[in-house]
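Colleague: Return a 3D structure for these sequence lines:
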Amino acid sequence: MVLEKESFKGEAYQAQEETYFDDGREIDLLHFLYGHPDLDEIRGNPQRVLDAIDEYGKTEKYLMNIGEYKSKTIVDLIKKHKPNVMVELGGYVGYSAVAFGAALRDSGGKRYFSLELNPEFAAVISMVVDLAGLSDIVKVIVGASSESLLRLRREQKLQDIDILFLDHQKASYITDLKLCEDLDFIRAGTILAADNVVKPGNPPYLKYVRSTVEEKRRQLDSEDEPFQQGNPNLIYDSQFVEGWEPSGVPDAVEITTCTGVQVS
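Modeller: Below is the predicted model:
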């Protein structure tokens with residue numbers, strides 16, 4: 001199912017260059033935010049923080065954020081379903097952590113885990129989250145996503161996930177989802193939100209979440225040594241929600257709901 005999108009409106013981010021991250025712009029963003037002439041009004045105001053990040057992306061350099069258009073889809077999910085616990089895989093500079101962490105807090109949620117591999121990006125996230133006044137809700141976890149998920153389970157800091165936002169290395173979408181299935185983080189009612197399923201695209205992930213239980217079982221049986229087994233008995237209902245990158249390029253988010261477990 002494809003949901004209708006509005007046309008892209010407003011000023012786009014700067015064009016995406018050949019090298020568009022991890023070249024110092026993330027630290028430049030911090031200087032931009034903390035040196036902003038409206039810092040006093042921005043501090044403690046999540047929306048003003050997002051506006052300032054967007055301002056940097058529009059006037060200085062491109063940032064690979066989810067952006068205001070696609071993030072609205074997920075904010076609406078949070079408002080509707082009122083999750084207690086949300087986990088994101090891949091936090092970059094904290095745009096999603098601020099947007100979704102604020103929505104989670106306003107909806108009565110308890111904890112937002114932002115898992116980020118790059119320690120410098122994680123430090124940026126922490127400072128941006130603090131600027132937004134969300135440090136009591138958002139917890140930044142540094143390290144490989146799979147290792148962080150295992151550690152959170154081992155330390156009993158994470159029992160289940162209400163909404164899982166996937167926005168890290170595209171090849172890790174399936175393996176980390178299957179790991180979450182193995183760890184029993186995914187249950188009936190859990191929602192998965194996967195970004196960038198058009199740009200750059202992620203056909204293997206889309207195939208998996210759109211497959212029936214029988215199709216997933218057959219695929220698992222055909223693999224000699226599956227890298228990550230997962231739980232093929234989980235039933236998923238998936239929707240393709242069109243949207244836009246902040247640069248104005250068309251993209252989409254795949255919204256998938258676990259509706260139950262098939263036992264026979």
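
Colleague: Tell me, please, where in the stretch 151-264 of the chain the pLDDT is lower than the cut-off.
Modeller: 225-227 (pLDDT under 70).

Colleague: Where do the strands of it begin and end?
Modeller: Assigned strands in the stretch 151-264 of the chain, in chain order: 163-166, 191-194, 234-244, 250-261 (criterion: DSSP state E, counting those that start in this stretch).

Colleague: ranges for the helices of the stretch 101-250 of the chain?
Modeller: 119-132, 145-154, 172-182, 203-210, 213-222 (DSSP state H, counting those that start in this stretch).

Colleague: Which of these sits closest to T73?
Modeller: When these are compared by Cβ to Cβ, helix 203-210 sits nearest T73, at 16.0 Å. From N, CA and C alone the C-beta is placed, and that goes for glycine too.

Colleague: from the strands of the stretch 151-264 of the chain, which stretch is densest packed?
Modeller: Ranked by average neighbour count under the criterion mean count of other Cβ atoms under 10 Å, these are headed by strand 163-166 at a mean of 26.

Colleague: For that one, which outside residues touch it?
Modeller: Residues from elsewhere that reach strand 163-166 (Cβ atoms under 8 Å, 6 or more residues apart in numbering): 74, 77-78, 81, 83, 86-90, 96, 100, 173, 176-177, 180, 185-186, 190-195, 205.

Colleague: residue contacts, the nearest residue to G248 once chain neighbours are set aside?
Modeller: Among residues not flanking G248 along the chain, A12 sits closest, at 3.9 Å (Cβ to Cβ, 6 or more residues apart in numbering). Residues counted as contacts of A12 (Cβ under 8 Å, 6+ apart) are K58, P246, S247, G248.

Colleague: A12 belongs to a helix?
Modeller: No. Counting by DSSP: H, G, I helix; E, B strand; the rest coil, A12 is not part of a helix but coil.

Colleague: if I look at it, how far off is G230?
Modeller: 38 Å (Cβ to Cβ, to the nearest Å).

Colleague: okay, which residue is most central for the protein?
Modeller: F165 (3.3 Å; Cα atoms, centre = their mean).

Colleague: Quick check: the gap between that one and P119.
Modeller: In terms of Cβ to Cβ, F165 sits 20 Å off from P119.

Colleague: Equivalent analysis for A97, please.
Modeller: 16 Å.

Colleague: ok, now E41?
Modeller: For E41 relative to P119 (Cβ to Cβ), the value is 30 Å.

Colleague: cool, D195 as well?
Modeller: D195 is 22 Å from P119, by Cβ to Cβ.

Colleague: More neighbours: which of these two?
Modeller: D195 (29 against 10; other Cβ atoms under 10 Å).
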